[in-house]
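Student: Structure for the following, please:
(one chain, ligands or ions: 1)
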Amino acid sequence: MSHTLKNKRALITGGSRGIGAAIVNRLASEGADVAFTYSSSPERAKEVLQAAQTLGIRAIVIEADSADASSVVAAVERTVTELGGIDILVNNVGVLATAPIEDLTLADFDRTIDVNVRAVFVATQAAVKHMKEGGRIINIGSTNAERMPFPGGSIYAMSKSALQGLVKGLAQDLGPRGITINNVQPGPIATEMNPPEGEFAEMLKKLMALPRYGTVEEVAGMVAYLASPEAAFITGANLMIDGGFSA
Ligand code: NDP
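Tutor: Okay, here's the model as predicted:
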């Protein structure tokens, strides 16, 4: 590994599993000190923590439900206290509630907004208080912000589209301070949220230019690039990594 992130301090939300765990591992492999949150998988979080610690960087894990704004702020503050600052924030946590409109509840709607959108705003607001020039904010959006080719995904797609407007506006707020903010928009990625086998997976593969699921490592690679000094001129962007799902 090239250690492009040596001396950087990163907070990744939702690092206990899936895409978030791969991002923790990749940023730590690049030399960053890492903090990450989880909400309900303490054993998985411990495994990710131990793997990161073997890379010779400082790593901490924080229990914080992204639906609870005060926990999100506390996670940012703890990162700053324990790692000595924050240079990179990756807003990875997301939840997927799929159902036809008749069956969606207001609780589904509110939780989707609280976790997928409000927590991103709250964490970003708390982090930029401490970020200096060169700071990086990277959100995990979704290709579904632009293409939702199956029924039942309305509120998920809505929440990921909201992130597109948020990064455009915040890019303007943060640009003069030399801080960038971008959305990484994955297509189907093999995780517990979106298992790569079965009828639904086969339907999705038929919609793609590259008819396969992406890997968590592929998404983590794009995040590592955006976090690196090389990506200093990219901000306010929605970057697809979706095997041509939206092509
Ligand atoms: P997973 O469901 O596999 O993992 C979700 C992670 O987020 C876990 O670490 C989980 O931790 C954590 N998490 C979930 N809810 C909360 C919460 N309320 N508070 C704190 N942590 C929470 O998801 P993926 O890795 O697949 O998805 C990660 C991101 O990528 C999401 O934003 C998702 O929308 C997006 N995405 C995923 C795609 C895919 O095909 N997989 C495609 C496009 C976008 P714990 O178990 O400890 O609660």
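Student: is it fair to say residue 181 lies in a strand?
Tutor: Yes: using DSSP: H, G, I helix; E, B strand; the rest coil, the assignment for residue 181 is a strand.
Student: That one reaches residue 169, doesn't it?
Tutor: No: counting by Cβ atoms under 8 Å, residue 181 sits too far from residue 169 to count as a contact (9.3 Å). Placement of C-beta: from N, CA and C, glycine included.
Student: Of these two, give the one with the bigger neighbour count.
Tutor: Using other Cβ atoms under 10 Å as the criterion, residue 181 and residue 169 rank with residue 181 on top: 29 against 12.
Student: Distance check, residue 146 against the ligand.
Tutor: In this structure, residue 146 and the ligand are separated by 12 Å, where distance is defined by Cβ to the nearest ligand atom, to the nearest Å.
Student: which residues touch stretch 203-220?
Tutor: Under the criterion Cβ atoms under 8 Å, 6 or more residues apart in numbering, residues 18-19, 21-23, 25-27, 140, 149-150, 184, 186-191, 194, 196, 201, 241-245, 247 lie in contact with stretch 203-220.
Student: Please pick the buried ones from those.
Tutor: Neighbour-count burial within the contacts of stretch 203-220 applies to 18-19, 21-23, 25-27, 140, 184, 186-191, 194, 196, 241-243, 245; the criterion is 16 or more other Cβ atoms under 10 Å.
Student: and the ligand, which of those residues reach it?
Tutor: Checking the buried ones among the contacts of stretch 203-220 against the ligand by Cβ under 6 Å from any ligand atom, the ones in range are 18-19, 140, 186, 188-189, 191, 194.
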